[in-house]
Each structure stands twice: as C-alpha cells, then as structure tokens.
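Q: Fold the following and give me the result.
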Amino acid sequence: MAPSAISPPEQDAIATTTHGTAVQKKKTPLQMISQGTTLPCIPVHPTFAAHRQWMLEHMAIAFRVFARKGYTEGMSGHISVRDPEFPHTFWTNPLGRHFGLLKSSDMILVNYEGEAIGGNMSRPANAAGFLIHSAVHKARPDVTAACHTHSPAGKAWSTFARPLEMLNQDVTYFYGSAQSVYHEFGGVVFTVEEGERLAAALGPEGKGMILRNHGLITVGSTVDEAAYLYTLMERSCEVQLMIEAAAANGVKKVYVPEESAKYTFEMGSDPEALYWEFQPDLEYEEFMCQNAHKG
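A: Residues are numbered from 1 along each chain as shown. Predicted coordinates for the structure are as follows:
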C-alpha cells in the first residue's frame, strides 16, 4: 500500500467553498494511496467501553499476527495499549501465555505504579515489560500503543547497534528522527532508571527503536499502527542483513535519494495510512482464528 518512492506527484485536489469558489486542497496520504473511493478513517466509538473493547480485540489480533510471524521467545515480548478513558493506565498481556492464544479478555490493566487494577488478574504482567512500557507512555502522551518482542532479525541486527539504512521504499517509513538506537544494554530491564533511559532514547518523534543486543520496540497512535511498524521494522532488519551479506562480497549498495526518502516517509508514515497497513494481516488472522481472539 505504500506510495512509490519517486519524485513527488501532484498532491492537490480541487475543493469548492460554500460560495462556489474553487480552491486547492492538499490530499492526505490515505487519499493519495486510494484510487477512487478513499479508505475510511480510523473508527470513532460512541462510548469508552466500545472503544476499549475494540482496542483490546485489535491488541489480541496483533499478538496472534506476531505469533504467526514467529516473534515468540519464551515469556519475552509485550504490547501495551493506553486506556481510552483513564490515560494514566494501560493494558498489557499476561506473563507466560503464548501470543497465539491470547484473547481480549486475557489482558491486564495496570497503572503507572505497577499495580494491576483491572482486567484478567489471574496471571501477573511482565515486570520488565511494565518498566519499559510505563516509561514510554509517561514520556510520550501521543503514544497509545507500544510493541516489543525478541524477534529473530531484530535481535540479529541489534548486535550492530546501528540504525536501518534507507535502502528501499518500505524502510523509509523510519526516515530521520522516526528511528533511533538505544546504545546501552544492562540485561533484563528491572529498574525504573533503565526504562526512563530507554524512553528518552526513543525521542519525541520516534516510531521505532533498535535496542542494542536486545531487539526492537515500535510505537503508534493505535495498536494497529504500532504492530504494523513492528512487522515492518523486523522485516527491514531481515532485508538489511541480506544486503550486508551481499555487500560483504563486493556488491555496492544504492541508497534511496534523500528527497525521495523524505517524501515517501511523509506520504506513508501517517497514522491513518499506517493503521490501514495493518488491516490485511488483521483480517487474515481474524479469518484464520475464526474470531477466537474476541473470547
């Protein structure tokens, strides 16, 4: 669904005022990618309860997508989603339950003090996950959801402690300050200070971060956005590793031009567009699990 990483095309559309005057109106990224009827915007919900249930169901599907893609590693990995009614709390997954089995009713609501205050409290949350996610949510009020797992390519590329290079159209969604690297590694995150350093490294505009010797973390304004960016960052790490292997044998890299990388980022890395980038995986997983995530 990404727009082409080439010179910017004409982005203006003709709009008409109530007085019949024609004016130029810039198209949104979602309008640009939609030939014909534009895909609908992110749903708006009439109540907090309806919004919460929708978020939890999408969260459960995100975990199941991650499971199908092979991002599981023992008890490691977590997604957090800020509650729509109580923004100083967030939902996360129970410790020790496989991503591929998670349902909306399995999630735990925790506050910034680390207390479980709602949802399914039959199991604990992940302590390291709480410290990472609470720090991110505190530092970034714009972040609704965050994803972190120990996925294979992310772990492999993290050993270089280097950002992903602008080598293809898709990775330009992490152009500029949208990507960062956390250069420290102190083992499992068990201190508030480590979580705060990690959140600071993500920065005010970060969408994805490579954690040295650890893995990846992505954030978004919806769990769909954060989950799609995670799948994209993991795949980009895999592709970068393939490119590095070829380059080691003398094949020269050709980078996306700066202007094209910037343009593609602006036209693709948008909350509405990124929400929709995840919907094909979401719809496929809903079909494959026969809506078991809603239990």
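Q: Quick one: residues contacting the closest residue to S80 other than its chain neighbours.
A: Counting by C-beta to C-beta, 6 or more residues apart in numbering, S80 lies nearest to H133, which is 3.8 Å off, once chain neighbours are set aside. To be clear about C-beta, it is placed using only N, CA and C from the backbone, and glycine gets the same treatment. Counting by C-beta atoms under 8 Å, 6 or more residues apart in numbering, H133 touches 78, 80, 90, 92, 146, 148.
Q: Tell me which residue is most central in this protein.
A: A226 (1.7 Å; C-alpha atoms, centre = their mean).
Q: Now do the contacts for A146.
A: 79-80, 132-133, 136-137, 217-220, 226.
Q: Just give the number of residues close to the closest residue to A178 other than its chain neighbours.
A: Excluding its sequence neighbours, the residue lying closest to A178 (C-beta to C-beta, 6+ apart) is K207, at 4.3 Å. Using other C-beta atoms under 10 Å, K207 has 26 neighbouring residues.
Q: hang on, K207 packs against F174?
A: Yes - using C-beta atoms under 8 Å, K207 is in contact with F174, at 6.5 Å.
Q: joint contacts of those two?
A: The contact lists of K207 and F174 share S269, where a contact means C-beta under 8 Å, 6+ apart.
Q: mind checking how far the residue nearest to S80 is from E277?
A: According to C-beta to C-beta, to the nearest Å, H133 and E277 sit 22 Å apart.
Q: In what element of secondary structure is the residue nearest to S80 found?
A: Under the criterion of DSSP states H and E, H133 resides in helix 127-139.
Q: ok, and for that helix, which residues are buried?
A: For helix 127-139, a neighbour-count test (16 or more other C-beta atoms under 10 Å) marks 128-137, 139 as buried.
Q: pLDDT weak spots in this structure?
A: By pLDDT under 70, the weakly predicted segments of the chain are 1-24.
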